[in-house]
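> sequence and predicted structure, then a few things I'm wondering about:
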Amino acid sequence: MITILGLSGSLRRHSFNRGLLRAAAEAMPEGARLELGSIADIPLYDGDVEAQGIPAAVAALKERAAAAEALLLVTPEYNNGIPGVFKNAIDWMSRPADDIPRIFGAKPVGVIGTSPGRFGTLLSQTAWLPVLRTLGANHWSGGRLVVTGAGGLFDQAGNLTDAATRARLRTYLADFVEHIAGA
């Protein structure tokens, strides 16, 4: 069984990206499962805090990431870039630097996302590339899932209701899992 840890870069309970992450968990192909992680309890990075030890929420998330065979980042796009809270969580996960290979080294990482706009999260997904490269992750670029017009694809609770988007998500996940199996 292939295990993927999925993280949404949004803290809002009914966010479209959290909904896309939940839909991904439901759409996993046979032989794989998506565990839902959360960045909600990750504090703002502070070197003084780090000097006293890695916070428990960060340590727990790092262990879940280390145990998973791959990561799925479901990223919103704020001001044409990576959401600060999401980048903060990944920055914490890279501390101490000696841990980077254990958490990210050659680990397959997929990046998807949705937004209300016409360009989806294209710029945010692209902005993740140098971060993932720096961490030594194996960014999977064999497929791209950019979901546009999220306001018409999700209900008030942030649940994906669009069948065509679900079909695209299933295809993306099947291809990603095939990549992981061959990595």
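Looks like it arrived, so ask away. Numbers count the residues shown, from 1 in each chain.

> got a pLDDT number for the residue most central in space within the chain?
The centroid of the chain falls nearest to residue 73 when counting by Cα atoms, centre = their mean (1.2 Å). What the model reports as pLDDT for residue 73 is 98.

> elements contacting the helix of greatest length in the chain?
Longest helix in the chain by number of residues (criterion: DSSP state H): helix 163-182. For helix 163-182, the packing partners by 3 or more Cβ pairs under 8 Å, 6 or more residues apart in numbering; DSSP states H and E come out as strand 2-8, helix 16-26, strand 32-36, strand 70-74, strand 108-114, strand 145-147. (Glycine included, C-beta is placed from N, CA and C.)

> was I right about the residue nearest to the centre of the chain contacting residue 9?
Yes - counting by Cβ atoms under 8 Å, residue 9 is a contact partner of residue 73 at 6.9 Å.

> now the common contact residues for the two.
residue 86 (Cβ atoms under 8 Å, 6 or more residues apart in numbering).

> what stretches of the protein score poorly on pLDDT?
Within the chain, the set of residues satisfying pLDDT under 70 comprises 183.
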